[in-house]
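Colleague: Could you work out the structure for the sequence below:
(one chain, ligands or ions: 2)
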Amino acid sequence: MSSLFHHAKPAEEIPTAAIKVDKVVKRFGNFEAVKGISFEVKDGEIFGLLGPNGAGKSTLIRMMTTLIPLSEGKAYIGGHDVEKEPDAARRCMGVIPQALTSDINLTVEENLSIYAKLYGVNRAERKRSIDELLEAVDLVKWRNAETKTLSGGMRRRLEIARGLVHSPRIFFLDEPTTGLDPVSRVAVWEMLNNLKAKRQLTILITTHYMDEADRLCDRIAIVDHGKLVVLDTPSQLKQSVPGNNVIEAQFLAPPEDWEARLQAFQDVTSVQSEGSGMFRVLTTNGSRTTTELVEMAVRNSVEIKTLTVQNTTLDDVFVHYTGRQLRDEQVKTFGFVIPPRPGMQP
Ligand SMILES: Nc1ncnc2c1ncn2[C@@H]1O[C@H](COP(=O)(O)OP(=O)(O)O)[C@@H](O)[C@H]1O
Ligand SMILES: [Mg+2]
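Modeller: Residues are numbered from 1 along each chain as shown. Ligands and ions are numbered 1, 2, ... in the order given. Presented below is the predicted three-dimensional model:
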């Protein structure tokens, strides 16, 4: 049986994944911004590239979307080699670059219409697509408004719509919520989820926000210094870190050996001293460690200023795999003892 069809096999295997990058390298002069990254994105997935500024995320997106040449390796979008068949690759992708690029002197509809024409979308399809997209990004009422009158969040939503006017299968977004307020960020996430379901999109998004990657992505690749550090689902990533609860506690003037004493608790897997009496403790048993910690503080007459217990977050994953912290500005609660979350290990 197999011998019958053997000769029909194509010489070069065409990848079936929506996106495939294989040992991709990008050099700018002597500087290697991307150092041999490989991954595949499955059809219908929301895939996140998570990493700090300068990690190489935009450079990777620019190579995948045919904006800059690869120094080494291969990239396939929708099965098309971006270097051999750039036009075919471009036709199946929509791209939202990191900077806002809609024309502020045009109306919302004009911005969409120009792009649709640019991609050769016919009049009937243009109208249908623009109507549907304005609805999806909640800008129907703003259709005839000049783009300069929109807020940052609305303008980002317009650009998301614009990137989809030609009905691409694969959607690239570079830091889509950077600079947006928290409410607008959540609105963008909801819209991306709705659009993905409605249009059967595959989405690749870059972000330096942990919560964004966690909330939105089916799988996350952590990139740092041009390398792929680890790739998995958010929950698998969190489970891969030893210790599944995080206690953050701030003490008033703790003794010098405090960190060592926290480290000595039976369930504790790591302790980080963050200065000003603040400690971040990873433990496999949140409530037991919390009890021990409070008892130790009471025995030593050390005042606890704050105490929070959480499940492991992507922050901990990032620290675990890179040895460094990637933290957004976080809201801290002061002066309260916060009881362990329900669902935490007994
Ligand atoms: N055109 C360029 N010429 C030289 N260096 C560049 C260029 N583009 C990016 N870089 C460098 O490559 C690294 C990765 O940049 P970038 O891909 O923009 O990171 P990210 O998007 O993750 O913040 C940075 O050190 C940046 O300074
Ligand atoms: Mg970038």
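Colleague: ok, and what's touching stretch 172-182?
Modeller: 57-58, 61, 64-65, 93-98, 152-153, 156, 160, 163, 184-185, 188-189, 192, 203-209, 212 (C-beta atoms under 8 Å, 6 or more residues apart in numbering). C-beta: built from backbone N, CA, C; applies to glycine.
Colleague: quick one: the strands in the stretch 51-200 of the chain?
Modeller: Assigned by DSSP state E, counting those that start in this stretch, the stretch 51-200 of the chain shows strands spanning 72-77, 80-81, 93-96, 170-174.
Colleague: To ligand 2, which of these lies closest?
Modeller: strand 170-174 (5.8 Å; C-beta to the ion).
Colleague: And the helices in the stretch 201-346 of the chain, which stretches?
Modeller: Counting by DSSP state H, counting those that start in this stretch, the stretch 201-346 of the chain has helices at residues 210-216, 234-239, 258-263, 286-299, 314-322.
Colleague: List the buried residues of stretch 54-70.
Modeller: By neighbour count with 16 or more other C-beta atoms under 10 Å, stretch 54-70 contains the buried residues 55-66, 70.
Colleague: List the contacts of that stretch.
Modeller: Contacts of stretch 54-70 (C-beta under 8 Å, 6+ apart): 19, 21, 24-26, 33-35, 37, 49, 51, 75, 77, 82-83, 86, 89-90, 93, 95, 98, 172, 174-175, 204, 206, 223-226.
Colleague: Give the rounded mean pLDDT of that stretch.
Modeller: On average, the pLDDT along stretch 54-70 is 96.
Colleague: distance of the nearest residue to Glu248 once chain neighbours are set aside from Phe28?
Modeller: Of all residues not flanking Glu248 in the chain, Thr308 sits nearest, at 4.8 Å (C-beta to C-beta, 6 or more residues apart in numbering). Distance from Thr308 to Phe28, counting by C-beta to C-beta, to the nearest Å: 42 Å.
Colleague: The two - which one has more neighbours?
Modeller: Thr308 (19 against 11; other C-beta atoms under 10 Å).
Colleague: Now do the contacts for Phe265.
Modeller: Val281, Thr283, Thr289, Glu292, Leu293.
Colleague: Max pairwise distance over these: which two?
Modeller: Val281 and Glu292 (10.3 Å; C-beta to C-beta).
Colleague: Could you check which of these two is surrounded by more residues?
Modeller: Higher neighbour count among Val281 and Glu292: Val281, with 25 against 19, using other C-beta under 10 Å.
Colleague: and the more buried one, what are its bridge partners?
Modeller: Ile247, Val271 (DSSP bridges).
Colleague: Would you mind confirming that it makes contact with Phe251?
Modeller: No. Under the criterion of C-beta atoms under 8 Å, Val281 is not in contact with Phe251, lying 11.6 Å apart.
Colleague: can stretch 35-54 be found next to ligand 1?
Modeller: Yes. On the criterion C-beta under 6 Å from any ligand atom, stretch 35-54 is in touch with ligand 1 at Gly51, Asn53, Gly54.
Colleague: Excluding residues flanking it in the chain, which one is nearest the first one?
Modeller: Meaning Gly51. Closest to Gly51 by C-beta to C-beta, 6+ apart is Val223, at 3.9 Å.
Colleague: Correct me if wrong: the one you found contacts Asn53.
Modeller: No. At 11.5 Å, Val223 does not count as touching Asn53 under the criterion of C-beta under 8 Å.
Colleague: out of those two, which sits in the busier spot?
Modeller: Taking other C-beta under 10 Å, Val223 and Asn53 do not tie; Val223 has more neighbours (26 against 10).
Colleague: which bits of this structure sit near ligand 1?
Modeller: Residues of the chain lying near ligand 1 (C-beta under 6 Å from any ligand atom): Phe28, Phe31, Ala33, Gly51, Asn53, Gly54, Ala55, Gly56, Lys57, Ser58, Thr59.
Colleague: what's the closest of these to Ala297?
Modeller: Using C-beta to C-beta, those come closest to Ala297 at Gly51, 36.8 Å.
Colleague: surely Lys196 meets Ile46?
Modeller: Yes. Contact criterion C-beta under 8 Å: Lys196 and Ile46 qualify, at 6.4 Å.
Colleague: overlap in contacts of the two?
Modeller: Counting by C-beta under 8 Å, 6+ apart, the residues touching both Lys196 and Ile46 are Ile203.
Colleague: Counting residues, which helix of this protein comes out longest?
Modeller: helix 182-199 (DSSP state H).
Colleague: Sort out which residues of that helix are buried, please.
Modeller: Ser184, Arg185, Val186, Ala187, Val188, Trp189, Met191, Leu192, Leu195, Lys196, Arg199.
Colleague: what about the helices in the stretch 51-200 of the chain?
Modeller: 57-64, 86-91, 108-118, 123-136, 152-162, 182-199.
Colleague: Turn the ones you listed into JSON lines, including distance to ligand 2.
Modeller: Below are the helices of the stretch 51-200 of the chain laid out as JSON lines (distance: least, C-beta to the ion, whole Å):
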{"stretch": "helix 57-64", "distance to ligand 2": "3"}
{"stretch": "helix 86-91", "distance to ligand 2": "20"}
{"stretch": "helix 108-118", "distance to ligand 2": "22"}
{"stretch": "helix 123-136", "distance to ligand 2": "25"}
{"stretch": "helix 152-162", "distance to ligand 2": "15"}
{"stretch": "helix 182-199", "distance to ligand 2": "17"}
